[in-house]
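Asks: What shape does this take:
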Amino acid sequence: MRIGELAGTAGITTRAVRHYHRIGLLPEPPRQPNGYREYSLRDAAELARIRRLTELGLSLDEVKDALADDAGKDLVEILTELDADLARQEEAIRQRRARLHQLLQQAAQSGRLPAEAPVSPELAAVFDDMARASARLPGPEPAMAAKERQLLALLETGSPGGDRGWLDAMVHSLTADPEAMRRAYAVYARLDELAEAAQDDPRVEETARAIADSVPDEAAQAMTLRNSGDAGEHGGFADAFFADFAPAQAAAMHRAIELLRERAR
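Replies: Residues are numbered from 1 along each chain as shown. Model (predicted):
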């Protein structure tokens, strides 16, 4: 049979057959005097087997190993690894669907998702509390509150299941204490007031102490342990973090970190 007939028998394209020839996956039969390749039934059976293996999820390199001489044991090993990999993919899909279900439930309950979504249900609850606190304000929400949400979402993404004890403590403190959110918004307002202030403005120290006082002890301790021995306040992320503040705001944040470290000693 010719290459088109062979490809049609296996349900693939002639281009795929030629590719298999080039990479040594399917032996290329000698050409006949008329210049055409003539394929046998055995070639068709081998090509069909290649298709079945690729449909199972094997790569072409794995198929090539599986089809090598005396490869029965290798094929079993490859298929066992493939089965384990598919099981991991199934679990990952299950977790993703569960997360999507949570997000859809949040949207159904509140009528919307936070602008920073998707975030964890715990952080989404904090953002909902922030939205309610903002709605009670006599004026617009402090710009620092929106920045705080962005930062919390970023930090949660950067430590999904890793060292996030301090973040969990912060989230817990904001949801467990009814006055915590009020104090947080008072701090946001103080920081907003420093947007045009000089670095030696007396309000810098006052704001730094207000920031430090708003951080619970367990979060302060976890932050200190996390930063000990690493870049601390220096490095790419930290530099970008402080660069996002006005000078007086950055000074207040630096001073607040000093106060938190002193408290955690």
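Asks: And for the helix or strand that contains residue 61, what's in contact with it?
Replies: Following DSSP states H and E, one finds residue 61 within helix 60-66. Identification of contacts with helix 60-66 by C-beta atoms under 8 Å, 6 or more residues apart in numbering yields 20, 23-25, 50, 53-54, 58, 71, 74-75, 78, 82. Using the backbone N, CA and C atoms, a C-beta is placed for each residue, glycine as well.
Asks: in it, what counts as buried?
Replies: For helix 60-66, burial by neighbour count (16 or more other C-beta atoms under 10 Å) applies to 62-64, 66.
Asks: would you list the residues you listed in TSV and tack on distance to residue 243?
Replies: TSV is the format used below for these (distance: C-beta to C-beta, whole Å):
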residue	distance to residue 243
62	48
63	52
64	52
66	54
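Asks: Can you add distance to residue 89 and pLDDT and give the residues you listed back as JSON lines?
Replies: JSON lines is the format used below for the buried residues of helix 60-66 (distance: C-beta to C-beta, whole Å; pLDDT from 0 to 100):
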{"residue": "62", "distance to residue 89": "16", "pLDDT": "85"}
{"residue": "63", "distance to residue 89": "19", "pLDDT": "86"}
{"residue": "64", "distance to residue 89": "23", "pLDDT": "86"}
{"residue": "66", "distance to residue 89": "20", "pLDDT": "78"}
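Asks: Which of these sits closest to residue 153?
Replies: Checking the buried residues of helix 60-66 against residue 153 with C-beta to C-beta, the nearest one is residue 62 at 39.4 Å.
Asks: Distance of that closest one relative to residue 90?
Replies: Using C-beta to C-beta, to the nearest Å, residue 62 is found at 20 Å from residue 90.
Asks: what comes up buried for stretch 4-22?
Replies: For stretch 4-22, using 16+ other C-beta under 10 Å, the buried residues are 6-7, 9-10, 12, 16-17, 20.
Asks: meant to ask about stretch 36-49, not that
Replies: Across stretch 36-49, burial judged by 16+ other C-beta under 10 Å covers 37, 39, 43-44, 46-47.
Asks: Same question for stretch 173-192.
Replies: For stretch 173-192, by 16+ other C-beta under 10 Å, it's 173-175, 180-181, 184-185, 187-192.
Asks: If you drop the residues flanking it in sequence, what lies closest to residue 32?
Replies: residue 38 (5.3 Å; C-beta to C-beta, 6 or more residues apart in numbering).
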